[in-house]
Structures are given as C-alpha cells and as structure tokens.
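1. need a 3D model of the sequence below.
(2 chains)
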Amino acid sequence: MHRFANPGRFMRVARRVRPWTLGAALLLLPVGLYQALIASPPDYQQHDTVRILYIHVPAAILAQGAYVLMALGSAAFLIWKHPLGDLSARAVAPIGAVFCLICLVTGAVWGKPTWGTYWVWDARLTSMLILLFLFIGYMALANAFDDPARGDKPAAILAIVGIVNIPVIKFSVYFFNTLHQQSTLFSAGGPAMPPEMLTPLALLGGSFAAFFLWLFAVRLAGEFAKVRLRAIRGGLIRRERPAESRPSASARGTR
Amino acid sequence: MGIGALFTAEFWAMGGHGFFVWSAYGFCFAVLAALALGAWRMTARAERELAALDPERAARRRNG
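-> Prediction:
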C-alpha cells in the first residue's frame, strides 16, 4: 500500500488504469442502456419513470463516494502533508459536484410525475443540495487565492467538516418524515428489487463507476501536471530573479 | 422487447412519460460528456505545457 504513496508511482498506475476503466465504462454502457430502456419492465406504480432511477441512484452513490474520497484526501493532506491527498481531493471535487447535480436534476424530473412536484424541502433532498454546495464551496475555496497552495488548507478543513453531511443523507429517510422512500438497494434483507430492475441498475452503476474512475485518473494527471508546472515555473523565476536584480556592469559603472 | 422497439413510437412515448425520461437521460449524458471533455482538455493542456518546459521528462514518459 505504501508503495502507492509515492506520487510518481501512483501516477504511473493511474495512467495504466485509464484505458481499462474507459473501456469498461463504454462496454457496460450500451448493455446497461438496453436493459434500462428496453428490456426492463415498467413499474406498477411509477410506470416508465422508474427508468430514471437507473441513472439517479448510481449518481447519488457516486456523489457521496466522491465526497468521502475528497474528505479522506483532505485528511491525508492535513495530517501527513501528503501531496497526493490534496491532489486527489482537488481532482475529485468537480466529478462529485457533477454527479451530485445529476442526482438532483434526475430526482427532480422523476419527482414531478411521481410526487406531483419537482422539489420539496425534504431532509434527503435538502441534504443532497447541501452536498452540492459543499463541493462548490470546496472548489471555490481551493481556487480562491492567486497562489493555489494557499487554498489547500482552508479547502481541506471545509471538506473534513462537511463529512458530517454524509450520514445525514444516509439516515435522513429514517430519522425524518420524508417524501423520499427508504433505501431499497442497501436494506438489511438485501436489495428489495426484482432482478429485472436490479440488472440495469447494476450495469449502469458499473458503467458510471468505471467512468468515474477514468475521470478521476485523468483529472489527477492534470492536477499533478499543474503542480509540477508551478514548481518548474517557480524554480525558473527564482533562478532568473537574482540575475535580473543584479545591476549590469554599465549600471554599476554609472554609480 | 428487442432492439426493434427503438423504431416504435410507443418506445419514445415511454407510456406518456417520454419528456421526463428523455430529459433526465439527455441531461445526464450531456453533463457527463462535458465533464469528460473538460477533464481531458485540462489535462492535455497542462501536460503539453509541462512537456514544453521539461522536455527530458516528456521524453522519459514517451519511452515508458
């Protein structure tokens, strides 16, 4: 495990993983879409709108997973000053924000025909909206300074503090009187779904998860390159400044 | 239902909920495509700039 704590080695592994994750996502996607839109039956209550849940549920799970990853990376950065912690948090934040947005929008579109409204200030919906604001807040704070390194620490603190929202999302449907139904996928007695509905959910979930990993690996490489760029440019500036500040021979002669 | 269902109006109507189903899927895949494109371009630009400043590293990476 410690072998992968070396940023260079980790980035090499991430680079090798990229084609496999993209391949898995692209292979699972058409099969999942076929199962979700054509092969699976409509629900007896929700009718064809149940098909929206095959993208809504994986997006919700991945958005929360992204936040946990962001908080763990931030904790690793704050506790051990590990550069990969900060880089991974910065890389995953926009991915998590987009999956959270997909979850909220598809949930709203599903809610209109099912609940009769696009939005209610329900505990589950509100806590997911707060998750989106936490992702946006993290990105805004991390990029708020001219020197990006100055934004690392406050953004990491925000990410760690915001982790309290994850159990709130999970248990909101049990602790509050909400319109959102309780978990059917991760319930105590196993998934309370028929296999013909579980199959498209698993296939599209797998495709989204593989795509998430590909995006993460690509963005991580970008963040790593940006840090190296800053270091090289910083080094160049430091090397150039003494020469620039040194008075030239002619200037010295005129004094 | 087979793949032939794609060519029926019934499939696109989604039992009268076509607007909701297709707008949800359309939004989802449009946003994911934009995210992928943005991530790819950001990384490509940063790596291109890095290769220009540090050609030795770029050569090492090209040689594996």
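
2. skipping its backbone neighbours, what lies nearest B:W12 in space?
-> Among residues not flanking B:W12 along the chain, B:G18 sits closest, at 5.7 Å (CB to CB, 6 or more residues apart in numbering or on different chains). Every C-beta, even on glycine, is put in place using the N, C-alpha and C of the backbone.

3. so for whichever helix in chain B runs longest, mean pLDDT?
-> Counting residues, the longest helix found in chain B (DSSP state H) is helix B:18-53. If you average the pLDDT over helix B:18-53, you get 93.

4. A:Y118 should be in a strand, yeah?
-> No - judged by DSSP: H, G, I helix; E, B strand; the rest coil, A:Y118 forms no part of a strand; its state is coil.

5. ok, now which ones touch it?
-> A:A108, A:V109, A:G111, A:K112 (CB atoms under 8 Å, 6 or more residues apart in numbering or on different chains).

6. if we look at chain B, which of those residues are close to it?
-> Contacts with chain B within these, counted by CB under 8 Å from any CB of the partner chain: A:V109, A:K112.

7. just the contacts of A:Y118 now: which is nearest A:A75?
-> A:A108 (32.4 Å; CB to CB).

8. determine how far the helix or strand hosting the closest one lies from the middle of the whole chain.
-> Using DSSP states H and E, A:A108 sits within helix A:83-115. Remark: helix A:83-115 is offset 7 Å from the chain centroid, using CA atoms, centre = their mean, to the nearest Å.

9. what about that helix, average pLDDT?
-> pLDDT averaged over helix A:83-115 gives 94.

10. buried stuff in it?
-> Residues of helix A:83-115 classed as buried: A:83-111, A:113-114 (neighbour count, 16 or more other CB atoms under 10 Å in any protein chain shown).

11. give me the residues contacting the helix or strand where A:L125 lies.
-> Element membership of A:L125 [criterion: DSSP H and E] is helix A:123-142. Identification of contacts with helix A:123-142 by CB under 8 Å, 6+ apart yields A:60, A:63-64, A:66-67, A:70, A:89-90, A:93-94, A:96-97, A:100-101, A:103-104, A:107, A:119, A:148, A:151-152, A:154-155, A:158-159, A:162, A:165-166, A:168-169, A:172-173, A:175-176, A:178-180.
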